[in-house]
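S.K.: Sequence first, predicted coordinates after that:
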Amino acid sequence: MRIQRCVLCTYGLLLRMYPSAFRKRFASEMLELVGAAELREWPLIFADTSVAIVRCWFEGSPSTAALSEPNAYMSLGGSSLRNLGLGFVLSTAIMAGLAYMGYRSSPPCTGTSPGTSPLLTHVVAPSEAAAATTAAFKPGRPQR
Amino acid sequence: MSNNDVEIKDRPLSAASLHILLALAESNLHGYGIMQSVKRQSGGTFKLGPGTLYANLDRLLASGLVGENERRLPGGETRREYRMTASGEKALRFEIRRLRQVVDVARTRLGSLDERRS
């Protein structure tokens, strides 16, 4: 119950991002609808509403302005600059989401102490290195 | 032929608009009712989120394909219901005719593909 109230509150904040005319007309119905939704549907609802808000700002809403032509139909053309902007915003959002998912799924850091870190190499003393080199180049031993 | 008819014939409806009109062809519905009806009529394959639903309703209302009524509930509250208009019915019929043509072509071509393979 408490989670549901939190989610509805967050959804209410998300709805504030709609143009005001659209919000005044539909926000209360949308909130009602989300209140009736199941818990597992909420991620889809949030994603759907976020994309719809971006589209509403880029493509315009009939509630916000009287359009010269009806646009209930699938858009087949439209302004290329607007489409470019919409594509940029959506692709940035998708890239950010993927980067965040990659960050969340990366293995945890194992620590930086020299004894435990696999990235730090063992430092060899000069005398030790010289002995190893002499052993490797002993006369009579075939060299590669 | 009126301008509206030309508009309806020349531009296909979006998938969401088509499903909303199909839902409203059955009866007048409020937002939640439309969502449930779309889910049912598509066998659960097409789910409308509230963002998509109201963006499409907004456009359908503006283009006159859908109308709205206020219905008074027994408790005194009012609920907004949506209904399909005559233009909406015409647009739906055109769209279904167009889809039927697509299905006919697809059936013929896929049938000839099957014949070539067998």
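M.R.: That came in fine, so what should we check first?

S.K.: Just the local confidence number for B:Met35, please.
M.R.: If you check B:Met35, the pLDDT there is 92.

S.K.: residues contacting it?
M.R.: B:Met35 is in contact with A:Leu33, B:Leu48, B:Pro50, B:Leu53, counting by Cβ atoms under 8 Å, 6 or more residues apart in numbering or on different chains. Placement of C-beta: from N, CA and C, glycine included.

S.K.: 7 Å instead?
M.R.: A:Leu33, B:Leu48, B:Leu53 (Cβ atoms under 7 Å, 6 or more residues apart in numbering or on different chains).

S.K.: Look up how far A:Gln4 lies from the first one.
M.R.: Computed as Cβ to Cβ, to the nearest Å, the A:Leu33 to A:Gln4 distance reads 14 Å.

S.K.: the more surrounded of those two?
M.R.: Using other Cβ atoms under 10 Å in any protein chain shown, the more surrounded residue of A:Leu33 and A:Gln4 is A:Leu33, with 21 against 13.

S.K.: Am I right that the more buried one sits in a helix?
M.R.: Yes. Checked against DSSP: H, G, I helix; E, B strand; the rest coil, A:Leu33 lies within a helix.

S.K.: What residues does it make contact with?
M.R.: For A:Leu33, counting by Cβ under 7 Å, 6+ apart, the contacting residues are B:Gly31, B:Tyr32, B:Met35, B:Pro50.

S.K.: Just the pLDDT for the residue lying closest to the first one once chain neighbours are set aside.
M.R.: To tie it back to what came earlier, the one meant is B:Gly31. Once flanking residues are discounted, B:Gly31 sits nearest to A:Glu29: 4.9 Å by Cβ to Cβ, 6 or more residues apart in numbering or on different chains. On the pLDDT scale, A:Glu29 is placed at 92.

S.K.: for chain A, what's the longest helix?
M.R.: helix A:80-105 (DSSP state H).
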